[in-house]
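Participant: how does the following fold in three dimensions:
(chains A and B)
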There are 2 protein chains.
Amino acid sequence: MRMSQAFIPTEKEAPKDAALPSHIYLTRAGFIAQVASGLYNLMPLGKRVLKKIEAIINEEMARAGAQEVDLSFVTPAELWEESGRIEKFGKELLRFRDRKENLFVLGPTHEEMMVNLVRNRVNSYKQLPLNLYQIKTKFRDEARPRFGLMRAREFVMKDGYSFHTSYEDLDREFDAMEAAYKRVLERLGLDFRIVEADSGAIGGSGSKELMVLADSGEDTLAVCDRCEYGANIEAARRSERTTIPEAPEADFNKFATPGIKSIEDLSGFFHVDPYYTLKAVAKRAIYEEGDEVVVFFLRGCDDLQEVKATNACGALDLVDVNEEELSALGLVPGFIGPLDLDAVRTIFDWDVKGAANMICGANEADFHYVGVDLSVLPEEAEYAALYEVKEGDGCPVCDGKLSYTKGIEVGHIFKLGTVYSAPLGAQFLNENGKAEPFVMGTYGMGVSRLIAAVIEQHHDEKGCVWTKTTAPYLVNLMISNIKDEAQVALAERLYEALQNAGVDVIMDDRKERFGFKAKDAELVGYPLTVIIGKELANGIVQFFDRAEDTKSDVPSDEALARIMEWIG
Amino acid sequence: MRMSQAFIPTEKEAPKDAALPSHIYLTRAGFIAQVASGLYNLMPLGKRVLKKIEAIINEEMARAGAQEVDLSFVTPAELWEESGRIEKFGKELLRFRDRKENLFVLGPTHEEMMVNLVRNRVNSYKQLPLNLYQIKTKFRDEARPRFGLMRAREFVMKDGYSFHTSYEDLDREFDAMEAAYKRVLERLGLDFRIVEADSGAIGGSGSKELMVLADSGEDTLAVCDRCEYGANIEAARRSERTTIPEAPEADFNKFATPGIKSIEDLSGFFHVDPYYTLKAVAKRAIYEEGDEVVVFFLRGCDDLQEVKATNACGALDLVDVNEEELSALGLVPGFIGPLDLDAVRTIFDWDVKGAANMICGANEADFHYVGVDLSVLPEEAEYAALYEVKEGDGCPVCDGKLSYTKGIEVGHIFKLGTVYSAPLGAQFLNENGKAEPFVMGTYGMGVSRLIAAVIEQHHDEKGCVWTKTTAPYLVNLMISNIKDEAQVALAERLYEALQNAGVDVIMDDRKERFGFKAKDAELVGYPLTVIIGKELANGIVQFFDRAEDTKSDVPSDEALARIMEWIG
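Facilitator: Numbering: from 1, shown residues only, chains lettered A, B, ... in the order given. Alright, predicted model coming up:
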């Protein structure tokens, strides 16, 4: 491409609402243009990056035996009624009526459509397994679209769905998809972790997230400093504690603890490690059919992980409760304990099961119990993993330590089981001729979000720094002065040679000053810019390596060979 | 691809509402699956064909210097208000409100969005010309979606838009796009005509349609038997008449013609050629702001072309008027003539301008005038081309004759001028620093419709007959009996060799009877099926050429070489 003919409208000013580097630079460098809140046009550079990412995904999906389809974006609402998701999805699901008053939705994801496509078309175990995917526009009417391509309303997603006769075969495919996704991110040149994830309200037997590591990531990950283990903080586990603080010796007793409401105060008051105190966290759990107050108990040294707590009680969401609400239920804020607490549902962290020597609230203002043995809890007490992993906790897999890092979720793979196939009546005949629902997996990847993720991980204060496989153009041939015939001649020669070699090359042949072109090259972030300038008279051109941020002199007659060498 | 693992659900029954071969076979052969009225999923075979067509379009667009973008499908309605099209487009334009009650449309075409993208980003004549395009999902809420992919509501379109400083430069680009579109259709292996088209209500200085020739086409084309000339009947022209019938000699006079209302009767009554009779056709013309009756006059030997007539009076549409309505206006059905006719608007075909020796209605029941000289019409009389070309008419370009054929419109290229740039205020500064609206062209191609068009032109009673460039797989290696190790071994060897050679190959390794596989091969329409069967024991395989519908024996040890030779 000749830059004089290209539509690359670079801008000096960032959008007013832009906070993230990807939002700022993708806009300023002419990759994207906002249309309305959460709606973006991809300009030629943005489209080129998108297609490069898509091509890599398509190659890896073909290699993994997945077959590409293309499902209608406009989807009959009745499919969403069948699956029961039309209400659950809430306002993010955009609904509309056509000219005949039939109700449709703009597909935010395509589980229902894919199950509908396969049901009655795949009837026998002989036709399984099957993995179908598409790369397609999706729409979610986000309440707060923001961060440019990172959280847009209209976006491009790769969504894949697999169909199996058994959970064993699903496990095999799930691993194959994890490997394929890993190859995609490796080929894109990204630093990432595949982490254990919260399976959320959707249930199923497990899920993993693909996280591109970046400071701006919205997700907190706990990762091991030794092994591959990583998990979203919402799902992270830790090893068993190896050092247990010395236990306080005390018989069961009730103590006056006037005004001692926090774990810190309680621990100080009794001179015991917070490990031996029982933390109570009350939340209002919101369900589809109503709500209730739930009290979660865990050791005082631990913090409640809200997503784990939400899953533990099967709620859609947890919200705070104020002291008045607690008092109305007979609860005494600051002094809530598990003994004789019948007014509300209680859930205990596994780590306090049968714990001895504990100090806990006495459900009476200004009183705590000491020397509590929690093996007195009734058999039917509910337990779950409620704790949030902390930096320094032990890795659950090896001897390493966990630390926090930030990630951008660019993929989520999921063992669905029969969550969709059962309600939608999608069945096959097994070897014994008996009808069973398909066992399913689903594999999503945020394709347009990946454009932003590349930049969140690869940028500096001057602009974008594309990886070699994602760059809109790999090489930029910058003619310093287009009135200099020798410069133009060399550039044209290199341009033709690189094109013939199949290299994505752009030539900056604009009638602009050198400084202007150099700033554009940095802002757009071409991996290699070859500066053909004054020094050409001395047989020298300059290579500017965007990622290294280095300039080096190269003999002009070696330029082509050195470019090819640089490309590798 | 191994067919045992492929999702190609062929069916014996055609959809109930399917009339066209493409609708029947694309469904039965497992290319498409209907979701709802006018909404289709592409299954793996359909997606493969779509991508092959897209790849060819992309290559030809790149060669022509057009740059690919990707515009938001969900479009703010305010852009359509700015252009004034929101009302004109009617119910085909699907509107909806998002969660914040803002009004959006699902883009049926993207003129407004593209102008919006370019305005304020291209400011100078130096940045022109520019040709931007996308291949993207579109939605039109058709009143009567039908014919499968031929007239779907959601469909894939290639829409391109060019921006110029002058009409001369637009003409150059228009020709370049015509050439590029021609190459696309040639490469797809289609028999087509590029024809002159009606510019319609949109105005502008001209347009051409790309028509794939097929009996099922909805458009009638007039094409020359000698030269390249072709036109949609709505816009077709003819040469000047070379043989003029002998004129009836009569002085101006009024004749009683009781009950003589049709041209046929009139011609018979006076024993004159219909050429010398004046046909009057009354229509109600519908405008945005109201309607009126218009009488169109043309020679009795000609028929009114309604689209030409619609354009001639600038109406949105023409509808029939009944005798009561005409009488109410003082018109006498069957006896309407141009003399002293002031009650309604009249428009004359150019061919009657100054015509002598004419017979026409006297605007009085049962009377006609003879010997009428139409040069008596007032200076300000309106003239336009109103006639419909007939088979046998002379070509307007060469000495050939015109005949009718049927076509499927798969593309429309258009000189827009400033129709959108002016109202949307999209301007550039010309060489003198003066602001001018962009001069624009637009270039559409129905990408998903092309899938159907290929089949409309290439099918037989057994199913699809794909061209080599559009086939989902070029070669089908059919193992007649998968329990025969020699058959399997040869098929596997060929499969690997063809894959290594980059050939799109599928291997029918299913545990099915030969007849079942053969029927599928014909229905799906792989261009070449290599049948590896019993005769392999004698060193023979069979080539089944789908287009030729021929089988030929080939020595099995030459199979690979002969396949590659067949591919060419």
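Participant: quick one: contacts for A:L424?
Facilitator: Counting by CB atoms under 8 Å, 6 or more residues apart in numbering or on different chains, A:L424 touches A:L79, A:E82, A:S83, A:E112, A:V115, A:N116, A:R119. Bear in mind the C-beta positions are built from the backbone N, C-alpha and C, glycine included.
Participant: and it, how close does it get to chain B?
Facilitator: Counting by CB to the nearest CB, to the nearest Å, the gap from A:L424 to chain B is 14 Å.
Participant: nearest residue to that residue other than its sequence neighbours?
Facilitator: Nearest residue to A:L424 in three dimensions, chain neighbours excluded: A:V115, at 4.7 Å (CB to CB, 6 or more residues apart in numbering or on different chains).
Participant: how close does the one you found get to chain B?
Facilitator: A:V115 is 12 Å from chain B, by CB to the nearest CB.
Participant: I'd guessed that residue sits against A:V419; true?
Facilitator: No: contact criterion CB atoms under 8 Å: A:V115 and A:V419 do not qualify, at 10.1 Å.
Participant: out of those two, which sits in the more crowded spot?
Facilitator: More crowded of A:V115 and A:V419, by other CB atoms under 10 Å in any protein chain shown: A:V115, with 25 against 18.
Participant: now the more buried one, what's its secondary structure?
Facilitator: helix (DSSP: H, G, I helix; E, B strand; the rest coil).
Participant: contacting residues around it?
Facilitator: By CB under 8 Å, 6+ apart, the neighbours of A:V115 are A:S83, A:Y161, A:Y420, A:S421, A:L424, A:A426, A:F438, A:M440.
Participant: and what about the residue nearest the centre of chain A, helix, strand or coil?
Facilitator: By CA atoms, centre = their mean, the mean C-alpha position of chain A lies nearest to A:E409, the distance being 1.3 Å. Three-state call for A:E409 (three-state DSSP): strand.
Participant: then A:I451?
Facilitator: helix.
Participant: that one: what's it in contact with?
Facilitator: A:S22, A:L26, A:F31, A:G46, A:V49, A:L50, A:I53, A:L149, A:T470.
Participant: and A:E234, how many neighbours?
Facilitator: So A:E234, with other CB under 10 Å, has 24 neighbours.
Participant: residues touching it, list them.
Facilitator: Here A:E234 is in contact with A:A197, A:D198, A:Q305, A:V307, A:K308 (criterion: CB under 8 Å, 6+ apart).
Participant: state the mean pLDDT of stretch A:530-542.
Facilitator: Stretch A:530-542 carries an average pLDDT of 97.
Participant: quick one: buried residues of it?
Facilitator: Across stretch A:530-542, burial judged by 16 or more other CB atoms under 10 Å in any protein chain shown covers A:V530, A:I531, A:I532, A:G533, A:L536, A:I540, A:V541, A:Q542.
Participant: and for stretch A:206-222?
Facilitator: Quick answer for stretch A:206-222 (16+ other CB under 10 Å): A:207-214, A:216-217, A:219, A:221-222.
Participant: shared neighbours of A:V115 and A:V419, anything?
Facilitator: Joint contacts of A:V115 and A:V419 (CB under 8 Å, 6+ apart) are A:M440.
Participant: any idea which element the residue nearest to A:L316 when sequence neighbours are not counted lies in?
Facilitator: Distance criterion CB to CB, 6+ apart; nearest residue to A:L316, sequence neighbours excluded, is A:I286 at 5.2 Å. Using DSSP states H and E, A:I286 sits in strand A:278-287.
Participant: right, and the helix or strand after the lowest-mean-pLDDT helix or strand in chain A?
Facilitator: In chain A, no helix or strand scores lower on mean pLDDT, DSSP states H and E than helix A:85-88, which sits at a mean of 85. Scanning forward in sequence from helix A:85-88 by DSSP H and E, the next helix or strand is strand A:95-97.
Participant: and that following strand, what's buried?
Facilitator: A:F96.
Participant: on that earlier part again, now render the buried residues of stretch A:206-222 as TSV, adding secondary structure.
Facilitator: Shown next, in TSV, are those (three-state DSSP):
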residue	secondary structure
A:S207	strand
A:K208	strand
A:E209	strand
A:L210	strand
A:M211	strand
A:V212	strand
A:L213	strand
A:A214	coil
A:S216	coil
A:G217	coil
A:D219	strand
A:L221	strand
A:A222	strand
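Participant: restrict the residues you listed to contacts with chain B.
Facilitator: When the buried residues of stretch A:206-222 are checked against chain B using CB under 8 Å from any CB of the partner chain, none falls in range.
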